[in-house]
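> The sequence isn't on hand, but the structure is:
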């Protein structure tokens with residue numbers, strides 16, 4: 001994962017801050033491009049495993065169709081209301097499809113960690129419930145840009 005950014009170094013999150021931020025946040029916005037070139041942005045819950053962002057997406061969605069055709073994606077995770085509270089990160093790259101589609105719970109060692117993280121974070125469960133409508137996308141970001149405007153108040 002590339003974390004270097006030229007502009008805004010003063011407000012850029014450190015790797016540890018970025019990891020803690022992505023671990024704690026629940027919601028992201030996923031930007032894809034449709035076949036006709038129209039951008040599409042949708043909101044999803046996610047899990048962060050320290051290296052990759054995991055999305056559990058409905059497989060009969062515009063987002064899924066867009067990513068099947070073109071796996072390039074930009075994802076924004078952010079928080080804050082007032083200017084001096086704004087924090088966030090944009091992660092971009094290409095998603096990978098992991099596990100069966102749709103996910104029904106077949107054994108897949110690669111999904112053990114993300115499913116545990118996701119189930120605990122979003123459902124307060126120890127095991128991931130499967131509904132036969134969703135499947136997993138993994139983004140191991142090629143580029144990350146982050147900001148933490150709270151740092152502007154620091155001397």
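That came through, no problem. Everything quoted here is computed from the prediction, not taken from an experiment.
> May I have the distance across stretch 127-135, first residue to last?
From its first residue to its last, stretch 127-135 covers 15 Å (CA to CA, to the nearest Å).
> Mean confidence (pLDDT) on that stretch, please.
On average, the pLDDT along stretch 127-135 is 95.
> Just the buried positions in it, please.
Judged by neighbour count (16 or more other CB atoms under 10 Å), stretch 127-135 contains these buried residues: 128, 130, 134-135. For every residue, glycine as well, the C-beta is placed using N, CA and C.
> Tell me the one of those nearest residue 109?
When the buried residues of stretch 127-135 are compared for distance to residue 109 (CB to CB), residue 128 comes out closest, at 13.7 Å.
> Rebuild the buried residues of stretch 127-135 as TSV, extending it with secondary structure and distance to residue 19.
Listed next are these as TSV, based on DSSP: H, G, I helix; E, B strand; the rest coil; distance: CB to CB, whole Å:
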residue	secondary structure	distance to residue 19
128	coil	22
130	coil	28
134	strand	25
135	strand	26
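> Can you name every helix or strand that the longest strand along the chain contacts?
Across the chain, the longest stretch assigned as strand under DSSP state E is strand 87-98. Contacts defined by 3 or more CB pairs under 8 Å, 6 or more residues apart in numbering; DSSP states H and E place strand 87-98 against helix 15-24, strand 72-79, strand 134-139, strand 143-148.
> Pull the contacting residues for the nearest residue to residue 113 once chain neighbours are set aside.
Closest residue to residue 113 apart from its sequence neighbours, by CB to CB, 6 or more residues apart in numbering: residue 49 at 5.6 Å. The contact partners of residue 49, by CB atoms under 8 Å, 6 or more residues apart in numbering, come to 113-114, 117.
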